[in-house]
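> pasting a predicted model and its sequence here:
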Amino acid sequence: MQTSILPTRRLALLLPLAGLAACADPAAGLPSLPDGERSAYLLGPDDQVKVTVFNDPRLTGDFRITDGGMLPLPLVGSVPAAGRSTTEVEREVERVMAQRNLFRDPSVSIQVVEYRPVFVLGQVERGGRFPYQPGMTALSAVAVAGGFNYRALRDYVSVTRVGPEGQPREFRANRQALLQPGDVVTVYERRF
């Protein structure tokens, strides 16, 4: 009989330890961040772009995409830009210019000048808003935030990203995970 009680006692002692181990991992229930594939960048609110209209310097300049996702341009009006690549917006601006008889054969180029920022929170030296750079990883975002502080969990972070449906989702991400503009990186506190 004693042998059957002993495993029960061990189990009773191990269950609280298993609970503590689960508490030690603050991102235990989060799904992994999907691998970042390098595809055409999709514009979004707060991106600043340089629009070049060839043969008309009056329409060339830097413009910011509005909160509503529109690119306001002189003579052309507002063109939908959020969720589209620069090439798609170029074709749309050319189409509107031709439709309004502004040019017979318009030629437009759009280049991103300033991306939406990323945000770094938690156990870093200087959390806040930082300019996104193409190819930015979770670790490089932490580096521009002054690095991990002495209390930081350094193995992984959480990344909150707004999906195509407009809803934010939180993911567990390793240090080399590729970020996108608008991502929020949270560095957790390690348990001692």
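On my side now, so go ahead. Numbering: from 1, shown residues only.

> my read is that residue 41 contacts residue 88, right?
No. Residue 41 is not in contact with residue 88 according to Cβ atoms under 8 Å; the separation is 11.1 Å. For glycine as for every other residue, the C-beta is placed from the backbone atoms N, C-alpha and C.

> check contacts around residue 159.
Residue 159 sits next to 33, 138, 170, 171, 173, 177, 179, 183, 184, 185, 186 when contact means Cβ atoms under 8 Å, 6 or more residues apart in numbering.

> and it, what pLDDT?
Per-residue pLDDT puts residue 159 at 95.

> find the nearest non-adjacent residue to it, please.
Once flanking residues are discounted, residue 159 sits nearest to residue 173: 4.5 Å by Cβ to Cβ, 6 or more residues apart in numbering.

> who are the packing partners of whatever helix or strand that neighbour lives in?
In this assignment (DSSP states H and E), residue 173 forms part of strand 168-174. Applying 3 or more Cβ pairs under 8 Å, 6 or more residues apart in numbering; DSSP states H and E, we find strand 168-174 packed against strand 156-162.

> ok, and for the strand holding residue 173, which residues are buried?
170, 171, 172, 173 (16 or more other Cβ atoms under 10 Å).

> nearest residue to residue 174 in space, please, no chain neighbours.
residue 156 (5.5 Å).

> so who does the one you found touch?
Residue 156 touches 27, 172, 173, 174, 175, counting by Cβ under 8 Å, 6+ apart.

> show me which of those residues is closest to residue 68.
In terms of Cβ to Cβ, no member of those lies closer to residue 68 than residue 173, at 29.6 Å.

> mean confidence for the strand holding residue 173?
Rounded mean pLDDT across strand 168-174 is 93.

> before we move on, what about stretch 128-141?
94.

> restricting to C-alpha, output it in CSV.
What follows is stretch 128-141, C-alpha atoms only, in CSV (Å, rounded to 0.1, in the frame of the first residue of the first chain):
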residue,chain,number,x,y,z
GLY,A,128,9.0,54.1,-27.4
ARG,A,129,8.4,54.8,-31.1
PHE,A,130,11.2,54.1,-33.5
PRO,A,131,11.6,54.4,-37.3
TYR,A,132,11.1,51.2,-39.2
GLN,A,133,13.8,50.0,-41.6
PRO,A,134,13.4,47.3,-44.1
GLY,A,135,14.8,44.0,-42.8
MET,A,136,14.4,45.1,-39.2
THR,A,137,14.3,42.2,-36.7
ALA,A,138,13.0,42.0,-33.2
LEU,A,139,16.6,42.1,-31.9
SER,A,140,17.5,45.2,-34.0
ALA,A,141,14.3,46.9,-32.7
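
> tell me which residues in that stretch are buried?
Those buried within stretch 128-141 under the rule 16+ other Cβ under 10 Å are 130, 132, 136, 137, 138, 139, 140, 141.

> same question, stretch 150-161
For stretch 150-161, by 16+ other Cβ under 10 Å, it's 152, 153, 156, 157, 158, 159, 160, 161.
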